[in-house]
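S.K.: predicted model and sequence below, questions to follow.
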Amino acid sequence: MTKIHFIAIGGAAMHNLALAVASKAGYEVTGSDDEIFEPALSHLRDAGLLPKEIGWHPEKITKDIDAIILGMHAREDNPELVRARELGIKIYSFPEYLYEQTKDKIRIVVGGSHGKTTTTSMILYVLNRLGIEADYMVGAQIEGFERMVRLSDTAKYAVFEGDEYLTSPLDLRSKFLWYHPHVAILTGIAWDHINVFPTFPQYVDTFRQFVHSIEPNGSFIYYEGDENLCLLADEEIVNRKSSNRKLSVIPYKEYTGTVPMQVFGRHNMQNMQAAMLACHCIGVAPDDFYREISTFTGASNRLEKICETQTSVAYKDFAHSPSKLKATVNAVRERYPEKKLIACMELHTFSSLMADFLPQYKDCMAEADIAYVYFNPKVIEHKRLTPITKEEVRDAFGTKNVEVFTESAALQERLKGLSYTNTALLLMSSGTFDGVNINEFAQQLINQ
């Protein structure tokens, strides 16, 4: 029996990996965390993996543990981590363990500042529909899939969403640098994670390293409308010629065919084309891809329709970075040009709450008729950031349609006071607007 212990098991990706490992024969999984929220709480409880006590318990780290998997939520001085290092137990980061389990498979990795979850989901959806077995890691729930991570002894392929954020407290490289893809997609580069990449050139450089990590004779699929990706592609062509490490370089545009689709927006049409090319690299015919993708309704929380009436519709989206926010607002505007567009977003991530980063949001919500931006000053205090003001946020967004709120209750009351006749409502956050059940709230608004 192989014993694996997860430090910070409650994370979205971590608890899904724990479930995947526990489902394999011959593995015993334990874990710990100082906080575990839904849906991880229920998922771990149902699988019998929920820690009996919340918190860190170094006395439970013993020599009979074969490996530790370390989550990003843990700190370098975590008492369980300290004990594991004292005992010389093998410590893996999340991406390192994924690579270790799939190093003999053909790996498809999707990176980029936006669209990587949707593109990864599209690939997996089509492979599943065609009966092509694959291991995977994706950042959202997909129709037809029980969980967000799968590891097996039988799949020939592995499909990963490639995140450029830090690997672990012990490894400050980008996660996706571990995966060494045979087929790599980059959807675009728009500055994010300013706390990790304080300058745009530093941010671009981690994508440069990702391209360089593609396996010899691999394929690099990139959006040709992104000038930074075009430069990286040109650089890598030169590098590969000098090192004799062959690479197929494949640019793409948005899908412009006639097959009816359930998803919409220019970015989704770009994502679809990238997914098709990746599938084609492993032998899927384009006609088969388009036939199956026509029924794809999207990944959870990615421009996901919540509810609809005869005249109005409500969507939610994970959008929080400037590029994602602008693409999502514009997609809904294009989809419903005759409807009033009410767009509401929460500044919640580290980067989005930094005064130096705020100017990146200029004109991101310009296409909305009514635009509300919310942030909680207590979150800024908790993250130990310099305070920002409502006026700074409004000026950064740069359009007259934007109104800024710092109290969730006030925002909710303002939304309740609007008319939703012939309206498209868009709620965007990587959080919950401080405890709002977004699905229930949206239904309440457009049905009032």
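M.R.: Sure, I can see it. Numbers count the residues shown, from 1 in each chain.
S.K.: doesn't residue 219 lie inside a helix?
M.R.: No: under DSSP: H, G, I helix; E, B strand; the rest coil, residue 219 falls outside any helix and is assigned strand.
S.K.: so who does it touch?
M.R.: 182-184, 247-250, 278, 281 (Cβ atoms under 8 Å, 6 or more residues apart in numbering). From N, CA and C alone the C-beta is placed, and that goes for glycine too.
S.K.: please tell me how far the closest residue to it other than its chain neighbours sits from residue 227.
M.R.: Nearest residue to residue 219, sequence neighbours excluded (Cβ to Cβ, 6 or more residues apart in numbering): residue 248, at 4.3 Å. Residue 248 is 21 Å from residue 227, where distance means Cβ to Cβ, to the nearest Å.
S.K.: where do the helices sit along the stretch 101-250 of the chain?
M.R.: Remark: helices assigned in the stretch 101-250 of the chain by DSSP state H, counting those that start in this stretch are 116-129, 200-212, 227-243.
S.K.: and the ones you listed, which one is worst for confidence?
M.R.: Here the lowest mean pLDDT among the helices of the stretch 101-250 of the chain goes to helix 227-243, at a mean of 91.
S.K.: for that helix, which positions count as buried?
M.R.: Neighbour counts using 16 or more other Cβ atoms under 10 Å place 228-229, 232-233, 236, 240 of helix 227-243 among the buried residues.
S.K.: same question for stretch 14-25.
M.R.: Per 16+ other Cβ under 10 Å, stretch 14-25 contains these buried residues: 14-23.
S.K.: same question for stretch 101-118.
M.R.: Within stretch 101-118, the residues scored as buried using 16+ other Cβ under 10 Å are 101-102, 105-118.
S.K.: ok, residue 68 - contacts?
M.R.: Taking Cβ under 8 Å, 6+ apart as the definition, contacts of residue 68 comprise 4-7, 61, 80-81, 84, 89-92.
S.K.: okay, and which of those residues map to strands?
M.R.: Counting by DSSP state E, the part of the contacts of residue 68 found in strands is 4-7, 90-92.
S.K.: can you give me the domain boundaries for the protein?
M.R.: As given by automatic domain parsing, the domain ranges for the chain are 2-88, 97-293, 304-446.
S.K.: now the end-to-end length of the first one.
M.R.: The stretch domain 2-88 measures 16 Å between its terminal residues, going by Cα to Cα, to the nearest Å.
S.K.: likewise for the second one?
M.R.: The first residue of domain 97-293 is 30 Å away from its last residue (Cα to Cα).
S.K.: that one: how far from the chain's middle?
M.R.: On the basis of Cα atoms, centre = their mean, to the nearest Å, domain 97-293 sits 12 Å off its chain's mean C-alpha point.
S.K.: and stretch 57-70, by the same measure?
M.R.: Put simply, stretch 57-70 sits 29 Å off its chain's centre (Cα atoms, centre = their mean).
S.K.: for the record, mean pLDDT for it?
M.R.: The average of the pLDDT scores along stretch 57-70 is 96.
S.K.: same check, this time on stretch 322-341
M.R.: Stretch 322-341 carries an average pLDDT of 93.
S.K.: isn't residue 372 right next to residue 414, touching?
M.R.: Yes: look at residue 372 against residue 414 with Cβ atoms under 8 Å: they come within range, at 6.9 Å.
S.K.: neighbouring contacts of the helix or strand hosting residue 412?
M.R.: Counting by DSSP states H and E, the element that carries residue 412 is helix 408-416. By Cβ under 8 Å, 6+ apart, the residues outside helix 408-416 that reach it are 342, 344, 372, 374, 376, 403, 405, 433-436, 441, 444-445, 448.
S.K.: now with 7 Å?
M.R.: By Cβ atoms under 7 Å, 6 or more residues apart in numbering, the residues outside helix 408-416 that reach it are 344, 372, 374, 405, 433-434, 436, 445.
S.K.: now stretch 374-388
M.R.: With contacts defined as Cβ under 7 Å, 6+ apart, stretch 374-388 is touched by 346-348, 350, 353-355, 358, 393, 405-406, 408, 411, 433-434.
S.K.: figure out how far it is from the centre of its chain.
M.R.: Mean C-alpha position of stretch 374-388 versus that of the full chain (Cα atoms, centre = their mean) differs by 23 Å.
S.K.: was I right about residue 133 contacting residue 153?
M.R.: No: with contacts counted by Cβ atoms under 7 Å, residue 133 stays clear of residue 153, the gap being 10.9 Å.
S.K.: more crowded one of the two?
M.R.: Between residue 133 and residue 153, counting by other Cβ atoms under 10 Å, residue 133 is the more crowded of the two (12 against 8).
S.K.: what's the local residue count around the nearest residue to residue 405 once chain neighbours are set aside?
M.R.: The shortest distance from residue 405 to any non-neighbouring residue, by Cβ to Cβ, 6+ apart, is to residue 411 (4.1 Å). By other Cβ under 10 Å, 21 other residues sit near residue 411.
S.K.: what sits against the residue nearest to residue 420 when sequence neighbours are not counted?
M.R.: Nearest non-adjacent residue to residue 420, counting by Cβ to Cβ, 6+ apart: residue 446, 4.5 Å away. By Cβ under 7 Å, 6+ apart, the residues touching residue 446 are 307, 309, 312, 314, 420, 423, 425.
S.K.: ok, now with 6 Å
M.R.: Listed by Cβ atoms under 6 Å, 6 or more residues apart in numbering, the contact set of residue 446 reads 309, 312, 314, 420, 425.
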